[in-house]
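J.: Take a look and give me a structure for this.
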Amino acid sequence: QLQLVESGGGLVQPGGSLRLSCTASRFTLGYSAIGWFRQAPGKEREGVACISQSGGSTNYADSVKGRFTISRDNAKNTVYLQMNSLKPEDTAVYYCAARRWGTITTMNPGYYDNWGQGTQVTVSS
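T.: Numbers count the residues shown, from 1 in each chain. As a prediction, the model looks like this:
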């Protein structure tokens with residue numbers, strides 16, 4: 001099973017930026033479709049963005065379109081989530097998820113079979 005590790009979370013003021021990273025041990029992420037999800041206290045986990053194996057296909061939740069960018073550097077075995085113009089409602093634990101050999105981009109969490117432990121993002125003044 002993949003071991004995914006997220007990093008880059010923290011406390012940021014509204015309007016600020018953060019870049020989250022997701023990397024894996026024991027497996028090349030380039031063979032996986034990747035999704036970023038988030039879960040705020042008392043709310044269900046929701047999809048934020050996803051990306052295909054090659055990076056040629058991406059999809060975003062309406063709430064983050066134009067502010068977040070998902071990308072991947074397969075040479076570094078890392079997937080990124082660049083988050084700009086952050087809002088207090090973006091506060092959540094952010095998770096990356098992988099579907100080994102996945103060929104579609106979807107924000108259905110049931111599609112992914114490997115999950116990281118999450119990184120906290122707090123947007124507050």
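J.: Gly110 in helix, strand or coil?
T.: What DSSP: H, G, I helix; E, B strand; the rest coil gives for Gly110 is helix.
J.: residues contacting the residue nearest the centre of the chain?
T.: When C-alpha atoms, centre = their mean is applied to the chain, the residue found nearest the centroid is Trp36 (2.5 Å). Shown in contact with Trp36 (C-beta atoms under 8 Å, 6 or more residues apart in numbering): 20, 22, 47-50, 70, 79, 81, 94-97. Heads up, the C-betas are built off the backbone N, CA and C, glycines and all.
J.: Tabulate those residues (a markdown table), appending secondary structure, neighbour count and distance to Tyr112.
T.: What follows is the contacts of Trp36, written out as a markdown table (DSSP: H, G, I helix; E, B strand; the rest coil; neighbours: other C-beta atoms under 10 Å; distance: C-beta to C-beta, whole Å):
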| residue | secondary structure | neighbour count | distance to Tyr112 |
| --- | --- | --- | --- |
| Leu20 | strand | 24 | 16 |
| Cys22 | strand | 27 | 12 |
| Gly47 | strand | 20 | 10 |
| Val48 | strand | 25 | 13 |
| Ala49 | strand | 26 | 13 |
| Cys50 | strand | 27 | 9 |
| Ile70 | strand | 24 | 14 |
| Val79 | strand | 29 | 12 |
| Leu81 | strand | 26 | 15 |
| Tyr94 | strand | 24 | 14 |
| Tyr95 | strand | 23 | 9 |
| Cys96 | strand | 31 | 9 |
| Ala97 | strand | 25 | 4 |
